[in-house]
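Trainee: sequence first, then the predicted structure:
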Amino acid sequence: MVDRLEAADFVGLINGAIDALKLHKDEINSMNVFPVPDGDTGTNMLLTMQAVREALGKSNHVDMPHICQALSRGSLMGARGNSGVVLSQILKGMTDIICDKESVDVDAMSEALSHGSDVAYRAVMKPVEGTILTVVREASEEGMRIKEGHRQLEDWFAVVVQQARETLEHTPDMLPVLKEAGVVDAGGRGLLAIFEGILAHLTGQDLGTIEEEAAYAGAGLAEIEVEDYRYEAQFMLHGKDTKIEGLRETLNKIGGSVLVVGGDKTYRVHVHTDHLGKAIEESSKVGRLSDVEIVDLKLQTEEVRSGRETASQKAVGLVAVAVGDGIKEVLMSMGVSHIVEGGQSMNPSTAEILKAIKTLPQQNVILIPNNKNVILAAEQTKELTDKKITVVPSGSIAEGFAALIAFDPREDLKTNRKKMTEAMKRVKTGAVTVAVRDSKYKGGKIKKGNFIGLFKGDIVSAATGPQEAARQLLEKMISPQDELVAVIIGKEAQEANHGGILDLITEKGLEPEVIEGGQPVYQYIFGVE
Amino acid sequence: MTEKENQDRELGTIIISDDVVADIVGITCTRCYGIVGMASQSFHEGVADLLGRDSLRKGVRLKRNEEEVSFDLFVIVEAGINITEVAHNLIEQVKYMVESCTGLKVEEIQVHVQGVRVP
């Protein structure tokens, strides 16, 4: 029997919510069709709640303001995706009510949930019904209605959860796109999972075993190349904005690794050169210099060689986004120095990519996102670091491999980007995966559990076995001038099927190149060129 | 992809006007979570505001290049919300809606956060 919740009790509730989200993450991801079908709602909600737990810290001494701070700030900062942002608003609204209370009873809780719903509704011009918003609103309304008759928190919350479940089941009636896809709203399902986790914790039920999240991939360190220029100069420059572009060009003639960042009359300049005096002189013509720092790079390189860790300035570092042990191994062997864990339905954030960039000793970094949903996050890192970043916008791992083959460590960033992008564009990527729910495609119906072939963003084949799905897929992909097919075998692929699929490729007169990728979701990925 | 093919079917061509595309974007903005208003950009829109007419296209600027289209969106977000994430979601949703409704390819979307609304 629980009639009041103390601050310390909330820690368990938050953990209960996270455990439930972990359990249902994949299911929620698979039903995500609105507003954009990108299959990451479950992951996003889980990451948002995990940010709350991180904000909570490890401290054992907790009080209500601390809990509320973690709930509202943690979810605000860590909000991911649409559903994560909505969740952060719900939590923020709830904390407004409970933050100055010693403990929380049914009255406070129903008021909090109701206010959470109001706050969540406020942040959008035209709320779409049949989503997480509807679920939280109807659940909170029910909570208000029944609070007099249910004075124990677990009794009250059981009714609220039941209402959330019923509302969720009705979401397809409110939002046609859900009905077409034959699913309920993913965000609403995520909220229900959180509720279920909390209820399970309140009543002491078991949610079942929870799989551990994949561990963060290890980092490798690249070799350090000898710096061509003698000196590195860095300084602040206060001068006219219009002259900056000219200075950049001048510095590029005198030296290399030129970086001029800033704006509004204040710039930070970084250059490597043999003609130190000239670089300073040219810069001082443009404006006033301050905080001038000079480093003798020859000395620096020697120091590095003698064992001290300092950044190499010219070499190009490679950062790739990938999932699957085999794929990571191949990437490492191709010269990638750091791999950020991520892929379909698990997109890394800009911050995670930025962290990888920072750990590299190189000042020049090429990013290989290997997923079209990651390209944007990768592009955004450019603004956030002094290092020179370029993105080779690979949309799949097969494209990433092709790009890496074209990588030449002796060339500079620009040349590499050009070569790699060209190589990448020559590859056609297709994949075989399992349908997570019943659906339709141009060729007919798909049953849950069928194998489907994906090519250029469309489903092009469906069959009960992976071999047949792969055969139809390859028919669509291969054209007469193709020579090579890279076959990247996934974690869930059965060994018995491998032979048949490789035979298909050789029968077509093409050469298969097999990589044990170990990636999840996609049983086979094909790269044809 | 299919939309584009459909547009090229025999007997004629379907031409989607810029205004329609801008309206689709405007509607998407009103439904995007975290966006609580659009900010007038042009003199034209400012006058429409004064006249009390609320245009769907308010705060949407569009650049069209045959099959490709780029947008500048001038938005107001709710205070106390993760602005970068909201802007990111908006970009995804606009891109998805425009590409799936019109078959045009979205080349670039710039979101300009012009204000925050404090409740």
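Mentor: Received, thanks. Just so you know, these numbers come straight off a predicted model, no measurement behind them.

Trainee: and the next helix or strand past the lowest-mean-pLDDT helix or strand in chain B?
Mentor: The weakest-scoring helix or strand in chain B, judged by mean pLDDT, DSSP states H and E, is helix B:2-7 (a mean of 45). Once helix B:2-7 ends, the next helix or strand along the chain (criterion: DSSP states H and E) is helix B:18-31.

Trainee: select the longest helix from the chain.
Mentor: If you meant another chain, say so; for now it's chain A. Once chain A is assigned using DSSP state H, the helix that runs over the most residues is helix A:7-30.

Trainee: was after chain B, sorry
Mentor: Chain B, longest helix under DSSP H: helix B:83-102.

Trainee: is it up against chain A anywhere?
Mentor: Yes - Helix B:83-102 lies within reach of chain A by CB under 8 Å from any CB of the partner chain, at B:85-86, B:88-89, B:91-93, B:96-97. Placement of C-beta: from N, CA and C, glycine included.

Trainee: what's that helix packed up against?
Mentor: Under the contact definition 3 or more CB pairs under 8 Å, 6 or more residues apart in numbering or on different chains; DSSP states H and E, helix B:83-102 sits against helix A:81-98, helix B:18-31, strand B:68-78, strand B:105-117.

Trainee: paired strands for the last one, with orientation please.
Mentor: When you say that, I think you mean strand B:105-117. Next to strand B:105-117 in the sheet, as set by DSSP bridges, lie strand B:68-78 (parallel).

Trainee: which ones are touching the residue minimising distance to the centre of chain B?
Mentor: Nearest to the mean C-alpha position of chain B, counting by CA atoms, centre = their mean, stands residue B:25 at 2.8 Å. The contact partners of residue B:25, taken as CB atoms under 8 Å, 6 or more residues apart in numbering or on different chains, are B:57, B:60, B:62, B:71, B:73, B:94, B:97-98.

Trainee: you'd agree residue A:269 is in a strand?
Mentor: Yes - assessed with DSSP: H, G, I helix; E, B strand; the rest coil, residue A:269 lies in a strand.

Trainee: tell me the bridge partners for it.
Mentor: Beta-bridge partners, per DSSP bridges, of residue A:269: residue A:235, residue A:260.

Trainee: for residue 32, give me its contacts.
Mentor: Answering for chain A, as no chain was given. So residue A:32 contacts A:38-42, A:186 (CB under 8 Å, 6+ apart).

Trainee: ah, I was thinking of chain B
Mentor: By CB under 8 Å, 6+ apart, the contact set of residue B:32 is A:35, A:124, B:86, B:89-90, B:93-94.

Trainee: repeat the analysis, applying 6 Å as the threshold.
Mentor: B:90, B:93 (CB atoms under 6 Å, 6 or more residues apart in numbering or on different chains).

Trainee: now swap in residue A:156 and tell me
Mentor: A:106, A:150.

Trainee: and the helix or strand hosting residue A:281, how far out from the chain middle?
Mentor: Per DSSP H and E, residue A:281 falls inside helix A:276-286. When distances are taken as CA atoms, centre = their mean, to the nearest Å, helix A:276-286 is centred 43 Å away from the chain's centroid.

Trainee: and the angle from the following helix or strand past that helix to helix A:276-286?
Mentor: Counting by DSSP H and E, the next helix or strand C-terminal to helix A:276-286 is strand A:287-296. Strand A:287-296 runs at 160 degrees relative to helix A:276-286, counting by axes from the mean of the first three to the mean of the last three CA atoms, to 10 degrees.

Trainee: same question for strand A:287-296, mean pLDDT?
Mentor: For strand A:287-296, mean pLDDT rounds to 79.

Trainee: that older thread, the helices and strands packed on helix B:83-102: which one's closest to residue A:31?
Mentor: Closest to residue A:31 of these is helix A:81-98 (CB to CB; 11.7 Å).

Trainee: show me what the closest one is packed up against.
Mentor: Under the contact definition 3 or more CB pairs under 6 Å, 6 or more residues apart in numbering or on different chains; DSSP states H and E, helix A:81-98 sits against helix A:41-56, helix A:75-78, helix A:106-122, helix A:132-146, helix B:83-102.

Trainee: starting at the chain centroid, how far to it?
Mentor: That offset, for helix A:81-98, works out to 21 Å (CA atoms, centre = their mean).

Trainee: quick one: strands adjacent to the helix or strand following that helix?
Mentor: With elements assigned by DSSP H and E, the helix or strand that comes after helix A:81-98 is strand A:103-104. Applying DSSP bridges, strand A:103-104 is found paired with strand A:5-6 (antiparallel).

Trainee: residues in contact with the partner strand?
Mentor: By CB under 6 Å, 6+ apart, the list of residues contacting strand A:5-6 reads A:103-104.

Trainee: give me the buried entries from the residues of helix B:83-102 next to chain A.
Mentor: With burial judged by 16 or more other CB atoms under 10 Å in any protein chain shown, the buried subset of those is B:85-86, B:88-89, B:91-93, B:96-97.

Trainee: adding pLDDT and distance to residue A:133, write these out as TSV.
Mentor: Listed next are those as TSV, based on pLDDT from 0 to 100; distance: CB to CB, whole Å:
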residue	pLDDT	distance to residue A:133
B:85	92	17
B:86	94	15
B:88	92	19
B:89	93	14
B:91	94	21
B:92	92	18
B:93	93	15
B:96	91	19
B:97	91	19
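
Trainee: which of the residues you listed sits closest to residue A:462?
Mentor: Closest approach to residue A:462 among those (CB to CB): residue B:96, at 23.7 Å.

Trainee: ok, and the closest non-adjacent residue to the closest one?
Mentor: residue A:36 (4.4 Å; CB to CB, 6 or more residues apart in numbering or on different chains).

Trainee: helix or strand for the one you found, which one?
Mentor: Counting by DSSP H and E, residue A:36 is part of no helix or strand.

Trainee: residue contacts, it?
Mentor: So residue A:36 contacts B:92-93, B:96 (CB under 6 Å, 6+ apart).

Trainee: and those, which is closest to residue A:418?
Mentor: residue B:92 (28.4 Å).

Trainee: distance of that closest one relative to residue A:35?
Mentor: Going from residue B:92 to residue A:35 by CB to CB, to the nearest Å gives 8 Å.

Trainee: go on, residue A:516?
Mentor: Residue A:516 is 37 Å from residue A:35, by CB to CB.

Trainee: likewise residue B:19?
Mentor: 23 Å.

Trainee: so for those two, which residue has more residues nearby?
Mentor: Comparing residue B:19 with residue A:35 by neighbour count (other CB atoms under 10 Å in any protein chain shown), the higher total belongs to residue A:35, at 22 against 11.

Trainee: buried residues in the longest helix of chain A?
Mentor: Buried positions in helix A:7-30, judged by neighbour count with 16+ other CB under 10 Å: A:7, A:9-11, A:13-26, A:28-30.

Trainee: can you check stretch A:510-520 too?
Mentor: Buried-residue list, stretch A:510-520, by 16+ other CB under 10 Å: A:510, A:512, A:515-520.

Trainee: widest-spaced pair of those residues?
Mentor: Spanning the widest gap among those are A:510 and A:520, at 26.6 Å by CB to CB.

Trainee: in the contacts of residue A:32, find the pair that's most separated.
Mentor: The largest distance within those, taken as CB to CB, falls between A:38 and A:42 and amounts to 11.5 Å.

Trainee: which of these two has more neighbours?
Mentor: Remark: of residue A:38 and residue A:42, residue A:42 carries more neighbours, 28 against 19, as counted by other CB under 10 Å.

Trainee: quick check, the more buried one in contact with residue A:25.
Mentor: Yes - if you go by CB atoms under 6 Å, residue A:42 and residue A:25 touch, sitting 3.8 Å apart.
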